[in-house]
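Undergrad: Only the shape, not the letters, is given here:
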Ligand code: ZN
């Protein structure tokens, strides 16, 4: 079954840790062993996996992506949010995480992040958990 998580951001660029929300869906699915697919159906928000222990890592990622892709740079896209489109593509729009014994298989310091680049707003994250045979 396709499940949905709603994620609200408070600023233009923000990485929101959704690991707990995804784990809840895995738990509710009652899948013990399989894969969890996570997909973001947006063009200016992406998804990534990175450190959730030290919040400075997320701050550094956002700081550096802002430098690499500045908000204003003579872009052609008339909507004025080309930087958000580019940064979302840099992060990508999906992740796959293994499920073992009903738990997401993530490294000790890893978390799953919705990466908002054109907030604040509310986004959808789609999650599907498949069981192995
Ligand atoms: Zn746009």
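TA: That came in fine, so what should we check first? It should be emphasised that the depicted structure is a prediction, and the values quoted were computed from it without experimental measurement.
Undergrad: Quick check: next helix or strand after the lengthiest helix in the chain?
TA: Taking DSSP state H as the criterion, the chain has its longest helix at helix 55-68. The first helix or strand that comes after helix 55-68 along the chain, using DSSP states H and E, is helix 82-91.
Undergrad: Give me the packing partners of that following helix, helices and strands only.
TA: strand 45-51, strand 110-116 (3 or more Cβ pairs under 8 Å, 6 or more residues apart in numbering; DSSP states H and E). For the C-beta atoms, the positions are set from N, CA and C on the backbone; glycine is no exception.
Undergrad: If we use 6 Å, what do you get?
TA: Packing partners of helix 82-91 (3 or more Cβ pairs under 6 Å, 6 or more residues apart in numbering; DSSP states H and E): strand 45-51.
Undergrad: who touches the strand it packs on?
TA: 40, 57, 88, 91-93, 95, 109-110, 112-116, 123 (Cβ atoms under 6 Å, 6 or more residues apart in numbering).
Undergrad: ok, now with 7 Å
TA: Residues from elsewhere that reach strand 45-51 (Cβ atoms under 7 Å, 6 or more residues apart in numbering): 38, 40, 57, 61, 88, 91-95, 109-117, 123.
Undergrad: What strands line up against that strand, and which way round?
TA: strand 110-116 (antiparallel) (DSSP bridges).
Undergrad: So which residues make contact with the partner strand?
TA: By Cβ under 7 Å, 6+ apart, strand 110-116 touches 7, 9, 13-19, 22, 38, 40, 45-52, 91, 95, 123, 125.
Undergrad: Now that strand: average pLDDT?
TA: The average pLDDT within strand 110-116 is 98.
Undergrad: what do you get for stretch 63-81?
TA: 97.
Undergrad: And that stretch, what's buried?
TA: By neighbour count on 16 or more other Cβ atoms under 10 Å, the buried set for stretch 63-81 is 65, 69, 71, 75, 81.
Undergrad: With stretch 103-114 instead?
TA: 104, 106, 110, 111, 112, 113, 114.
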